[in-house]
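[1] Below are the sequence and a predicted model; questions follow.
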Amino acid sequence: MGLRPRVGRNEDPRRTASGDATYALGDRWVISSDDPTTPGDPVLTFVLFGKGRVRSKTSETVNPPSTTGCMTVNFIAKVPKKSPRHPLFFIEMNRTHNASFNSAKKFNKRGLNKALLRGIPENVRGQILNWRL
């Protein structure tokens, strides 16, 4: 399964879950923008998976945001026969890098807060592959 959200041209990673500006497979989220100091376009946060043991993992980054304007990440997931499973991703837009980083902190916890789970039925929550709910 791949995630391919479209972002603007010349989007470079500015910060990741590991604290640096280089996206690696273990990073749960990455913040990207078109300028390191004064972005003209919204600053984007891509949230790929939750903290802790999850039932899927990233296997490769096909395209980081800076190469094609898209972020493509492949996942490895085991799906039992006749049993639905769902990936859950978040993409946020903010005006500044600091606002994006402060907002991304909520994804550093093991679970998701009630606001992030709003609208997802209880029976579906247990079938989500990339978050420990």
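    Yes, it's here.

[2] need the contact list for the spatially most central residue of the chain.
    Centroid-nearest residue in the chain, with Cα atoms, centre = their mean: Val47, separated by 1.6 Å. By Cβ atoms under 8 Å, 6 or more residues apart in numbering, the residues touching Val47 are Arg28, Trp29, Phe89, Phe90, Ile91, Glu92, Ala104, Phe107. (Glycine included, C-beta is placed from N, CA and C.)

[3] quick one: which of the residues you listed has the most company?
    Trp29 (24 neighbours; other Cβ atoms under 10 Å).

[4] can you pull up the bridge partners for that residue?
    Listed by DSSP bridges, the beta-bridge partners for Trp29 are Val47.

[5] Just the strands from the chain, written as ranges.
    2-3, 12-16, 29-33, 43-47, 56-63, 72-77, 90-94 (DSSP state E).

[6] Out of those strands, the one nearest Ala115 is which?
    strand 90-94 (11.4 Å; Cβ to Cβ).
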